[in-house]
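>>> Okay, here's the prediction I keep looking at, along with the sequence it came from:
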Amino acid sequence: MPKHRLTAFFLSFFAAVLLVAPAYAAMLNLHNGGDPASLDPHKISGDWENRIVGDIFEGLTTEDVGANPIAGQAESWTISDDGTVYTFKLRDNANWSDGQPVTAGDFVFAFQRIMDPATAASYAYLQYPIKNAEAINSGKITDFGELGVKALDDKTLEITLEQPTPFFLGALTHYTAYPIPKHVVEAKGDDWIKMENIVVNGPYKPVEWIPGAHVTTAKNDQYYDFASLKIDGVKFFVLEDQSAALKRYRAGEFDILTAFPKDQYQWLEENHPGEARVVPFAGLYYYVFNHRKPPFDDARVRKALSMAINREVIGPQILGTGELPAYSWVPPGMANSGESSEVDWAEMPYPEKVEMAKTLIAEAGYGKDNPLKVTLRYNTSDNHKRVAVAVAAMWKALGVEAKLYNSELKVHYAEIRKGEFDVARAGWLADYNDPVNFLDLLKGSTSNNYGAYSSPEFDKVMDQASLETDLESRAKLLTQAEEIAMDDNAAAPIYFYLSENVVSPKIKGFEDNAFDIHRTRWLTKEE
Amino acid sequence: MLGFALRRLLSTIPVLWIALTLCFFILRLAPGGPFDEERQLPERILANLRAHYNLDKPLLVQYWDYLTGVLMGDLGPSYITDDFTVVDLISIGLPYTFILGGCAFALAILVGIFAGVIGALNQNTSSDYGIALVVMIGLIVPNFLLAPILQLVFGVSLGWLPVGGWGEGKLSHLVLPVIILALPHVARISRLMRGSMIEVLGANYIRTARAKGIGARLMITRHAIKPALLPVVSYLGPAAGYLLTGSLVVESIFGLPGIGQYFINAALNRDYGMVLGTVIFYMVLIILLNLVVDLVYALLDPKVRAR
């Protein structure tokens, strides 16, 4: 009977799978969200990809348990007095997983490759502080030898920058700065990344990838700090459904969740106290005013609209996870930043804010007979909708009539870049640990300055800061720039994002940090 | 028989071609492309990406290139999952889709036919109604509701079964997804089987067999089941097609790899190559399944064979 043959086939298949299944002592089961696009550090752009690729590759510097830059493949470095030439000494025992030494040439090769326009690396701009990087990436310079990355010998690398960049050691921890095994890429071409060819230099190496299910890694015995790795390997599970992920966590199938449904936060707090790690994350949620268009070019109108947003209720009540109200532009805890410069009305009691906002609106010429009409745009999402509905209600107290308008993410950003809006929702997550990453959003010429805020004063201070080598003076200048923008109410910051992990009590060494980076080499798992 | 099968296969080629062509152009009409992101890519990099995937050529040239590629068995690269080609992805997902769909298919047939026969033999009794009630629940309650409930009960509360994942292919991991996938088909098959069985039991030749004093068991197994299966068999083609292509919800709730999930992700990400690849795969699969059903039909029904 064919049915019997079929059964026999399935049984033997299961038996075969069971036999070859590797047995790991301390496997970390991590809910990672989406499938990675690639394991090639030059072809990725998401945090779920960073979790995997950052475990299997390592740059000149790497992240410690709190995501601060520490020595990685480089054991030491010197920085020239003008802050533009970095000389790195690579570790003698830094090896690729096939036993070949990691050389300065591998770094030169990688930096040239990511800047090569033909690689089409979407995140290449993060390394634009390097001399000639931008010119090569945009095709203005075709000789890759002009790039400011040189191998002085096999274990010494010199990087020259366009101008002093205080966050550069942090930027080197990013996957855009990882080395690539030149000897493998040259031998295998684009296939170097296939599971049977891939060679890595991080604490772990990939052993299996089933798209739609998981990526599995195992300890890399060639890694210089191999002896102190406590976790034997990681299974990065693909699962977009957050409710299903939470159930699997409750059943003990996952050790760490990297997201959970917001409406389950209360339940988690009551039933698994302390396991949901909701902490401030270096990201800003804000509303952009369209400065191209009256009346939003009127500072009084912007100030009134911004003041009337009751930020204290949005995190705890509208969203339910307690996002921190934002009265400044740069998220708290960023490196190289001075005092935070909040708007001067931040501490005012809310009813007073509303009164003042009403006066401002009236001064701008709007009232009962002539109400201000605003279209509030946001990209389709439950959370954005909740915030928009709440804000529209708050504005109503000023006599402002707000109309809500939502569209798909891709359409939303294309339209607001074109200036097709009054007020629009936007958000920004930090790429690197420096206030400039956020302040650049308000600079005259950048494509992410959706509202076309243009202040010669702000731009001038930002330019001064970019040339300043003294960190303290630079921080002061950046604070000054932030003050200018906040006094202008260039845009309305609403809240700072939170990272939302759930960590099993079995996992130790998981330290909350503002970048939400938790490399496996610092973790342990108790059975 | 062979000639019949060949003729059927040849006649599907124009269907395949038309469907593929329509799909190719409709996809390009959808707003947004594979490289539109929240953060704008520099123009130069976008141009390079387009060139890399042949998207910078005129649409008709792209279409021609794609079509000739398909004829050579090359479905091109996936635009989003950079490390795999479309053929790679389909061949990785295929075994999982087949095991999941195959198990659900076998379960649906066995349980469905059994429940249908029992229902027909005990027509309008409490056991008939009982069976009808249970299978109808499986048909009516949508799988995206039933799956989380079963996960909560059997996975989280009782801890008998894993909540999700492939788990190196262990049988325990398959139980919940296979049941969820099979349930609606159990219901349909059992209703079809019950109806046609009742009809057959009323036929003249059954009455003759009974009159001759044949035992009930022999009468059912030898004379009644085979003709009563015909409507069920004609349903099996679409059912198999559905089980192999419609496992999307089950795959995404249980976190299983498989082609259903790849298909939806590809469509959402505007991964043109992967969408077309899975469409071709599904079309070929459904055409083959229908052909198999026709052949089985011929085996079961002498009238079809004679034609």
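Noted; the coordinates are in hand. Numbers count the residues shown, from 1 in each chain, chains lettered A, B, ... in the order given.

>>> out of everything not next to it in sequence, what's closest to residue 118?
Let's take chain A. Once flanking residues are discounted, A:A118 sits nearest to B:N48: 6.0 Å by Cβ to Cβ, 6 or more residues apart in numbering or on different chains. Glycine gets a C-beta too; all of them are placed from N, C-alpha and C.

>>> Please refer instead to chain B.
B:I131 (6.3 Å).

>>> number of nearby residues for that neighbour?
A total of 18 residues lie near B:I131 under the criterion other Cβ atoms under 10 Å in any protein chain shown.

>>> residue contacts, it?
By Cβ atoms under 8 Å, 6 or more residues apart in numbering or on different chains, the contact set of B:I131 is B:A115, B:I118, B:G119, B:S190.

>>> buried stuff in the helix or strand where the second one lies?
Assessed by DSSP states H and E, B:I118 sits inside helix B:86-121. Along helix B:86-121, these residues count as buried under the neighbour rule (16 or more other Cβ atoms under 10 Å in any protein chain shown): B:86-90, B:92-94, B:96-109, B:111-113, B:115-121.

>>> before we move on, what about stretch A:417-437?
By neighbour count with 16+ other Cβ under 10 Å, stretch A:417-437 contains the buried residues A:421-426, A:428-437.

>>> Of those residues, which belong to strands?
The members of the buried residues of stretch A:417-437 that map onto strands under DSSP state E are A:V423, A:A424, A:R425, A:A426, A:W428, A:L429.

>>> among those, which two are most distant?
Spanning the widest gap among these are A:V423 and A:L429, at 21.1 Å by Cβ to Cβ.

>>> is stretch B:240-251 anywhere near chain A?
Yes. Counting by Cβ under 8 Å from any Cβ of the partner chain, chain A is contacted by stretch B:240-251 at B:E251.

>>> secondary structure class for A:G274?
coil (DSSP: H, G, I helix; E, B strand; the rest coil).

>>> Quick check: A:T520 vs chain B, distance?
For A:T520, the distance to chain B equals 19 Å [Cβ to the nearest Cβ, to the nearest Å].

>>> next one: A:R250
From A:R250 to chain B the distance is 5 Å (Cβ to the nearest Cβ).

>>> Next: A:G427.
9 Å.

>>> wait, what's in contact with that residue?
Residues near A:G427 by Cβ under 8 Å, 6+ apart: A:G283, A:L284, A:Y285, A:Y286, A:Y497.

>>> what are the phi and psi values for the last one?
So the one you mean is A:Y497. Here is the backbone geometry of A:Y497 (degrees, to the nearest 10): phi -60, psi 160.

>>> go on, the first one?
The phi and psi values for A:G283, taken as degrees, to the nearest 10, are phi -160, psi 150.

>>> From A:Y378, how far off is the residue nearest to it when sequence neighbours are not counted?
Closest residue to A:G283 apart from its sequence neighbours, by Cβ to Cβ, 6+ apart: A:Y497 at 3.4 Å. When distance is defined by Cβ to Cβ, to the nearest Å, A:Y497 is 16 Å away from A:Y378.

>>> What are the buried residues along the helix or strand harbouring A:V185?
Element membership of A:V185 [criterion: DSSP H and E] is helix A:182-188. Residues of helix A:182-188 classed as buried by neighbour count (16+ other Cβ under 10 Å): A:K182, A:H183, A:V184, A:V185, A:K188.

>>> ok, now stretch B:264-284?
For stretch B:264-284, the neighbour count (16+ other Cβ under 10 Å) marks B:264-267, B:269-283 as buried.

>>> any idea how far B:Y53 is from the closest residue to A:T165 other than its chain neighbours?
Spatially, and ignoring its direct neighbours in sequence, A:T165 is nearest to A:P129 (4.2 Å; Cβ to Cβ, 6+ apart). Counting by Cβ to Cβ, the gap from A:P129 to B:Y53 is 30 Å.
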